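**Q** with the input below, show me the fold.
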Amino acid sequence: MTMSDFKTTEARASYGIGMQMGQQAHGAFKGVELTALVAGLQDAFNGQAPQVDPNDINAAFQEIQQQLQVQQAEDAEKFAAEGEAFLAENAKREEVTVLESGLQYEVIETGTGETPTAASTVKTHYAGTLIDGKEFDSSYRRGQPAEFPVGGVIKGWTEALQLMPVGSKWKLYIPYDLAYGAQGAGGDIGPYQALVFDIELLDIVA
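**A** Alright, predicted model coming up:
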């Protein structure tokens, strides 16, 4: 199909539904077979009897779920070990300060403004990466600073921000238990992953 096939509102909305379903299916598990997926979609849409026995479908779902659980456990163990090794090595650097909580930070630039409290709302620019450098979020890329309550973010941020005068730029190295813990966050941050943030405290807005 080409753009000329999506002239009507119904066609564009239908394409949008397909996009949403495709994104969901792509992230469901590794090995999704597009041909089989489309066959199932067409049969359901047309009200046809399933070509695969429902019991076999349920058995397949259960097997895939078990495979995912095993993979998640293996990923969690791997991420925890990698994060621990990274932070241990990083702590040896002279320019890195290690706090009692395990949070590590590096002062890039020291500001001269006030220091926020846990009750403050602040304006920041930041970029967040995994320890391998893969970026998962950035206010710089969005071109818009972020505002949020100091007490309403991950523990590593809450602790660091209360030490930063306005105008400061720090690099944070955050253990998993001060980040997103055993759950991770979305599809970009896995369980037990240590994170790195470049953060610039622009202002205290409240």
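**Q** tell me which stretches of the chain form helices.
**A** 9-26, 34-45, 54-90, 139-142, 155-161 (DSSP state H).
**Q** could those go into a markdown table alongside distance to residue 201 and mean pLDDT?
**A** Every residue, glycine included, has its C-beta placed from N, CA and C. Formatted as a markdown table, the helices of the chain follow (distance: least, CB to CB, whole Å; pLDDT from 0 to 100):
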| stretch | distance to residue 201 | mean pLDDT |
| --- | --- | --- |
| helix 9-26 | 35 | 88 |
| helix 34-45 | 47 | 90 |
| helix 54-90 | 22 | 92 |
| helix 139-142 | 12 | 95 |
| helix 155-161 | 7 | 98 |
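**Q** which of those helices sits closest to residue 196?
**A** Nearest to residue 196, of all those, is helix 54-90, at 8.9 Å by CB to CB.
**Q** remind me what that closest one packs against, helices and strands.
**A** Under the contact definition 3 or more CB pairs under 8 Å, 6 or more residues apart in numbering; DSSP states H and E, helix 54-90 sits against strand 169-174.
**Q** the helices of the chain: which one's closest to residue 103?
**A** helix 155-161 (5.2 Å).
**Q** winner for burial among the helices of the chain?
**A** Highest mean neighbour count among the helices of the chain (mean count of other CB atoms under 10 Å): helix 155-161, with a mean of 22.
**Q** other SSEs contacting it?
**A** strand 169-174, strand 195-204.
**Q** report all helices and strands that the last one contacts.
**A** The one in question is strand 195-204. By 3+ CB pairs under 8 Å, 6+ apart, strand 195-204 packs against strand 121-130, helix 155-161, strand 169-174.
**Q** reformat those as a markdown table; add distance to residue 65.
**A** Listed next are those as a markdown table, based on distance: least, CB to CB, whole Å:
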| stretch | distance to residue 65 |
| --- | --- |
| strand 121-130 | 26 |
| helix 155-161 | 31 |
| strand 169-174 | 31 |
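**Q** show me the one of those that comes nearest residue 93.
**A** Of these, nearest to residue 93 by CB to CB is strand 169-174, at 9.7 Å.
**Q** would you list the strands that the closest one pairs with, along with their directions?
**A** strand 104-109 (antiparallel), strand 195-204 (antiparallel) (DSSP bridges).
**Q** domains of the protein?
**A** Split into domains by automatic domain parsing, the chain comes to 3-72, 96-204.
**Q** so which of the ones you listed comes closest to residue 84?
**A** domain 96-204 (7.8 Å).
**Q** for that closest one, how far is the first residue from the last?
**A** 25 Å (CA to CA, to the nearest Å).
**Q** that'll do, ta.
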